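Colleague: Predicted coordinates and the sequence they were generated for:
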Amino acid sequence: MPVAIFSVFVVWPLISSFYYSFTDWNGFDPNYEFVGFENFSKIYKDRLFASAAINTVVWMAAAIVLPTGLGLFLALLIDSRVPGGAVFKSVFYLPICLSAVVVGQVWVWIYQPDWGLLNTTLSYFLSEKFNYAWLAKPESALFSVIAAWSWQQTGLSMVIYLAGLTAIPSDLTEVCELEGSSWWQKVRLVLLPLLAPATVVVIALSVINSLKGFDILFIMTEGGPFNSSDTLAMHMYNESFRKYYMGYGSAIAVVLFLVALTIVWLYFRQLKKVDEIYS
Amino acid sequence: MKSIAEPAEAPGSERPFNPWPAVVFVCLTVLAALFLAPTFGVLMSSIKSKREIAFGQLWTMPTDLFLGNYADVLSNPAVHKYLLNTFLVTAPATAASISLGVLGGYVFAKLPFRGSNLLFLALVSGMFFPPQVILIPLYRLFNSMGLIDTLWPMIIVHTAMGIPICTLLMRNFFATVPNPLRECAIIEGANEWQILVLVALPLSLPALAVLATLQFTWIWNDFLWPLIFTQSDDKRTIMLGLVFMRGQYSVAWGIQGAMSLVASLPTLIVFLFFQRYFIKGMTMGAVKG
């Protein structure tokens, strides 16, 4: 029964997505026509699709590097038996339980040109009025949203790394201390290789979550200004539910699906390899 | 967040005086303060009057506690409606997805059949796909059923989308329930249904707690499905309501802050009480995916 419900509401729509991607359906009209690969050739020519694809790649790369790096760093610090470790853990983890809507709004305030936290702080240190409109400039909009996203996602990679660190036997780290190796040597030569499975998971999750990243963009920039922060998911929403090119939207969805499928496939393959090494 | 530099150079840990823990502590405190700043700012704004915000800064400590924003938000009938709608979606969808996950997980763990592994893999991979992939067909499906602008599509979709993670966690948990226990129950004359309800479920309360916190948080915070499936104001969930009310209170930052906090309160409470389960669930779901 669970499988049946899942099939009806997830698998079947997935198949229909492929079907609609070959039509020119507009969302209301019961009559629509088959247009073959027209939607896909439109993708090929769509300038906005190309920029959305590039933004998605940038977004993904940043979503991998920032939360993973920062999460690993925090996990290593907290794991070194610092007093109040549990409190720190909760603090860094807290943003995960906030919704994208709330996170987005908070960060819109931070970037607000006149009284936002960022510009207020910068003005204070530069001792001159600083009122750069972070979210309204095409050059900075995408990266500003990425910073907000990283703030929310770091906690997740931190906890996964912490779980990975507790699984490492403590005699290994004790040996390092006896051998007189430095902290950096310990991390680089002992901990990082042993954390490889956790890294695979963190990176895969970052990629998958970033592919889904839509809510926070919608709240903060709606893909603007001038589509400078458009991602594939955002572009798909705009084409289908703002312009009602449902057929074309389906074609974008199909591309999105194929990208996700490739990533999932790579992920399972990598996971298997890691399993083989460590079992 | 990008301003955080590399870790300070590591002093040798073999010296008698070891400054390292202190460095780590200070480092973490600074980072924690940076991390808390956004949330703290909202909290501060929500307890300031309009006048105070207009005069001074949004981000400083307030001179005195002003609760008018909360009074405004909590007396707004639209907010009541939004909260009620969200609850009416979250509660049944959480319960339904977990129940189905229990059933599925039990079958996959204890009653394997031909091809069950493959089916399980296919089900679990459903977790990884962006929802945009099935957006249009679902919209069309619910439209033809006349369910657009009701709460039903959200309940159904959240249930269906929750099945993979629930099945995964329950299967992994049921797999740890020892088989002799089940065989013993069979000898005693119990059927599978009784084993599930009387033997396996009482043992899996921790897993159920994990799933309940996870599902509750995700469904409560969701934005995309209500955005697609609702049109009229009295069907909106709280997250959608937040966005639409932002226009109404465009410069009333205090009220916006109070609204955000009221909307996040249920998940914050769940997080504070069940954070052990919550974090465990995130890691389990992730590591064993």
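Modeller: All right, it came through fine.
Colleague: can you pull out the helices in the stretch 1-150 of chain B?
Modeller: Ranges of helices in the stretch 1-150 of chain B, per DSSP state H, counting those that start in this stretch, are B:20-46, B:50-55, B:68-74, B:77-110, B:116-125, B:135-144.
Colleague: Could you list the low-confidence segments of chain A?
Modeller: A:1-10, A:18-40, A:42-43, A:223, A:273-279 (pLDDT under 70).
Colleague: Could I get the helices of the stretch 1-150 of chain B in CSV, plus columns for mean pLDDT, distance to chain A and mean neighbour count?
Modeller: Every C-beta, even on glycine, is put in place using the N, C-alpha and C of the backbone. As requested, the helices of the stretch 1-150 of chain B are exported to CSV (pLDDT from 0 to 100; distance: least, Cβ to the nearest Cβ, whole Å; neighbours: other Cβ atoms under 10 Å in any protein chain shown):
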stretch, mean pLDDT, distance to chain A, mean neighbour count
helix B:20-46, 80, 5, 17
helix B:50-55, 66, 9, 14
helix B:68-74, 80, 14, 17
helix B:77-110, 88, 4, 20
helix B:116-125, 80, 5, 15
helix B:135-144, 81, 4, 20
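Colleague: Which one of those lies nearest to B:Trp152?
Modeller: helix B:135-144 (7.6 Å; Cβ to Cβ).
Colleague: Residues contacting stretch B:202-216, please?
Modeller: For stretch B:202-216, the surrounding residues in contact (Cβ atoms under 8 Å, 6 or more residues apart in numbering or on different chains) are B:90, B:93-94, B:97-98, B:101-102, B:158, B:162, B:165-166, B:169-170, B:173-174, B:177, B:201, B:266-267, B:270-271, B:274, B:277-278, B:280-282, B:284-285.
Colleague: can you do 7 Å?
Modeller: Contacts to stretch B:202-216, defined as Cβ atoms under 7 Å, 6 or more residues apart in numbering or on different chains, come from residues B:90, B:94, B:97-98, B:101, B:162, B:166, B:169-170, B:173-174, B:177, B:270, B:274, B:277-278, B:280-281, B:284.
Colleague: I'd like the mean pLDDT over it, please.
Modeller: The average pLDDT within stretch B:202-216 is 84.
Colleague: likewise stretch B:232-252?
Modeller: Regarding stretch B:232-252, the rounded mean pLDDT is 79.
Colleague: Next, the buried residues of it.
Modeller: Going by neighbour count (16 or more other Cβ atoms under 10 Å in any protein chain shown), the buried part of stretch B:232-252 is B:235-243, B:245-246, B:249, B:252.
Colleague: which of these come close to chain A?
Modeller: B:Met239, B:Leu242, B:Val243 (Cβ under 7 Å from any Cβ of the partner chain).
Colleague: If you count contacts, what does the helix or strand hosting the first one end up packed against?
Modeller: Which is B:Met239. Take DSSP states H and E as the rule and B:Met239 turns out to sit in helix B:238-248. The helices and strands touching helix B:238-248, judged by 3 or more Cβ pairs under 7 Å, 6 or more residues apart in numbering or on different chains; DSSP states H and E, are helix A:100-111, helix B:77-110, helix B:224-229, helix B:253-287.
Colleague: what do you get if the cut-off is 8 Å, keeping everything else the same?
Modeller: Counting by 3 or more Cβ pairs under 8 Å, 6 or more residues apart in numbering or on different chains; DSSP states H and E, the packing neighbours recorded for helix B:238-248 are helix A:100-111, helix B:77-110, helix B:205-221, helix B:224-229, helix B:253-287.
Colleague: Identify all contacting residues around that helix.
Modeller: A:99, A:101-102, A:105, A:219, B:78-79, B:82-83, B:85-86, B:220-223, B:226-227, B:230, B:233, B:236, B:256, B:259-260, B:263.
Colleague: rerun that using 6 Å as the cut-off
Modeller: A:Ser99, A:Val101, B:Tyr82, B:Leu83, B:Thr86, B:Phe223, B:Pro226, B:Met259, B:Ala263 (Cβ atoms under 6 Å, 6 or more residues apart in numbering or on different chains).
Colleague: just these now: which is nearest A:Arg47?
Modeller: For those, the nearest to A:Arg47 is B:Phe223 (28.0 Å; Cβ to Cβ).
Colleague: For that closest one, which residues are in contact?
Modeller: Contacts of B:Phe223 by Cβ under 6 Å, 6+ apart are A:Ala100, A:Val101, A:Asp215, B:Met239.
Colleague: The residues you listed, buried ones only, as a PyMOL selection?
Modeller: Listed next is the PyMOL selection for buried residues among these, using 16+ other Cβ under 10 Å:
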select buried, (chain A and resi 100+101+215) or (chain B and resi 239)
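Colleague: out of the contacts of B:Phe223, who's nearest A:Val187?
Modeller: A:Ala100 (32.7 Å).
Colleague: isn't that closest one right up against A:Ile216?
Modeller: Yes: using Cβ atoms under 6 Å, A:Ala100 is in contact with A:Ile216, at 4.4 Å.
Colleague: which residues does the spatially most central residue of chain B contact?
Modeller: Geometric centre of chain B, nearest residue: B:Thr217, 2.0 Å, by Cα atoms, centre = their mean. Neighbouring residues of B:Thr217 by Cβ under 6 Å, 6+ apart: A:Cys97, B:Thr267.
Colleague: picking up where we left off before, centre of the chain versus the helix holding B:Met239, how much separation?
Modeller: Centroid displacement of helix B:238-248 relative to its chain, using Cα atoms, centre = their mean, to the nearest Å, is 19 Å.
Colleague: repeat for stretch B:93-103
Modeller: With Cα atoms, centre = their mean, you get 15 Å for stretch B:93-103.
Colleague: do the same with stretch A:224-239
Modeller: 15 Å.
Colleague: likewise stretch B:219-234?
Modeller: On the basis of Cα atoms, centre = their mean, stretch B:219-234 sits 15 Å off its chain's mean C-alpha point.
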